[in-house]
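> I'd like to go over a predicted model; first the sequence, then the structure.
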Amino acid sequence: MPELQRLDARHAPALLRFERENRAYFARFVSDRGDDYFAEFAARLAGLLAEQATGRCHFHVLVDDDVVLGRFNLVDVADGSAELGYRVAERATGRGVAQDGVRRVCALARDAYGLHRLVAAAALTNHASLAVLRRTGFVPTGEVVINGRPCRRHVLDLRNGDGMGAAEVHTVLDALATAGCPAWISGGWGVDALLGEQTRPHRDLDLAVPAEHESAALRALARLGYAVETDWRPVRVEVVAGGRGRVDLHPLAFDEARDGHQAGLDGTSFRWPRGCFTTGTIAGRRVDCISVEQQLLFHRGYEPRDVDRADLALLHRLAAAVRQP
């Protein structure tokens, strides 16, 4: 498995080979480094390492059997914030290498370097890089021009505490999709998905999954480090990963009409009509979620907490907007 390593002098030969072999490929998306960069490579690397020693930058290479597959750098570190830049070898594209590397360096930024905010930009023509930023939780904030190229700037807030951040939501959804498990978001994140923006911190991620995929979903989450904490199957099962978040799975049995049915603790069954399955947006990414009407139904029959009252206010606002001619 490729290893993300902090840049040091021993990486020089492999890093130079990486830059030479991918020079034409990189030039399709960012300005070419120029011939002087390669002629003065040793001196430039020494300068980067000297700058890294001051703590103003953190440079990393993704290495597999002494071959550099990518660079993932945090630069202009100041006041808990940094700029993320990365590039991946052409031979490694389409394999999830960029997405994995970005997730790893974001974790380092938070846990090792104490950063709470990252900024990143990608050219509008670089659709793969834009997708990587979206899938790792970065939120687009506008368009800028960098070295004459139109780019989209993004921001990632790393201060999620013990809650469930947008980046982790994307990680979970990707793992379930890889396992072939459909999932629809409900609960607080489901409300924010309908709204298209995060309105509050979230303790967990509520997901409805087909009952026949429940085992596959649990295996996929286990590979991410989640372990079962609350087991009320067939009603629900909650898994927890320390420092990452909580996922509350609600298995649904679908009938021939494609309505879902969730078992209740009292032996009853709760119906999820096929029309309640819709889509929303989390951190710029389209996600499957539950309709406004179904969310309102979920909030009936119990004493609401403060967060429930906040969610209900948003749901009623969304419902009113739908009813307007």
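Here it is on my side, so go on.
> tally of neighbours for the nearest residue to residue 263 once chain neighbours are set aside?
Nearest residue to residue 263, sequence neighbours excluded (Cβ to Cβ, 6 or more residues apart in numbering): residue 234, at 4.6 Å. Backbone N, C-alpha and C define where each C-beta goes, glycine included. By other Cβ atoms under 10 Å, 14 other residues sit near residue 234.
> Then residue 234 would be within a helix, right?
No. Using DSSP: H, G, I helix; E, B strand; the rest coil, the assignment for residue 234 is coil, not a helix.
> can you pull the pLDDT of it?
What the model reports as pLDDT for residue 234 is 93.
> Report the contact partners of it.
Contacts for residue 234 (Cβ atoms under 8 Å, 6 or more residues apart in numbering) come out as 211, 251, 263.
> Neighbour-wise, give me the winner out of the residues you listed.
Of the contacts of residue 234, residue 251 is surrounded by the most neighbours, 23 neighbours in total, counting by other Cβ under 10 Å.
> Quick check: bridge partners of it?
residue 209 (DSSP bridges).
> and it, what does it touch?
Taking Cβ under 8 Å, 6+ apart, one finds 208, 209, 210, 211, 214, 233, 234, 236, 237, 262, 263 in contact with residue 251.
> between the residues you listed, which is nearest residue 46?
Compare each of the contacts of residue 251 with residue 46 using Cβ to Cβ and the shortest gap goes to residue 209, at 52.3 Å.
> Backbone torsions only: list them for residue 118.
Torsion angles at residue 118 (phi, psi; degrees, to the nearest 10) stand at phi -120, psi 140.
> ok, now the one 10 residues further on?
Taking degrees, to the nearest 10, you get phi -70, psi -40 for the backbone angles of residue 128.
> Pull up the gap between it and residue 94, please.
Distance from residue 128 to residue 94, counting by Cβ to Cβ, to the nearest Å: 8 Å.
> Put the alpha carbons of the longest strand anywhere in the chain into CSV.
Ranked by number of residues, the top strand in the chain under DSSP state E is strand 67-78. Provided in CSV are the C-alpha atoms of strand 67-78 (Å, rounded to 0.1, in the frame of the first residue of the first chain):
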residue,chain,number,x,y,z
VAL,A,67,8.3,5.2,-6.7
VAL,A,68,6.7,8.6,-6.1
LEU,A,69,3.0,8.5,-7.1
GLY,A,70,2.1,11.9,-5.9
ARG,A,71,3.0,15.1,-3.9
PHE,A,72,0.7,16.5,-1.2
ASN,A,73,1.8,19.8,0.2
LEU,A,74,0.6,22.2,2.9
VAL,A,75,2.0,25.7,2.3
ASP,A,76,1.7,29.2,3.7
VAL,A,77,0.9,27.8,7.2
ALA,A,78,-0.3,30.6,9.4
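> ok, that strand: who's next to it in the sheet?
strand 58-64 (antiparallel), strand 81-88 (antiparallel).
> Output those strands in CSV, with distance to residue 303 appended to each entry.
Shown next, in CSV, are the strands paired with strand 67-78 (distance: least, Cβ to Cβ, whole Å):
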stretch, distance to residue 303
strand 58-64, 48
strand 81-88, 41
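> Would you convert those into JSON lines that also reports distance to residue 273 and mean pLDDT?
Shown next, in JSON lines, are the strands paired with strand 67-78 (distance: least, Cβ to Cβ, whole Å; pLDDT from 0 to 100):
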{"stretch": "strand 58-64", "distance to residue 273": "46", "mean pLDDT": "95"}
{"stretch": "strand 81-88", "distance to residue 273": "43", "mean pLDDT": "95"}
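> Out of the ones you listed, the one nearest residue 75 is which?
Closest approach to residue 75 among the strands paired with strand 67-78 is made by strand 81-88 (5.0 Å; Cβ to Cβ).
> next one: that closest one to chain centre, how far?
15 Å (Cα atoms, centre = their mean, to the nearest Å).
> for the stretch 1-150 of the chain, what are the low-confidence residue spans?
Along the stretch 1-150 of the chain, no part satisfies pLDDT under 70.
> Strands along that one, start to end?
Taking DSSP state E, counting those that start in this stretch as the criterion, the stretch 1-150 of the chain carries its strands at 3-6, 58-64, 67-78, 81-88, 117-123, 139-146, 149-157.
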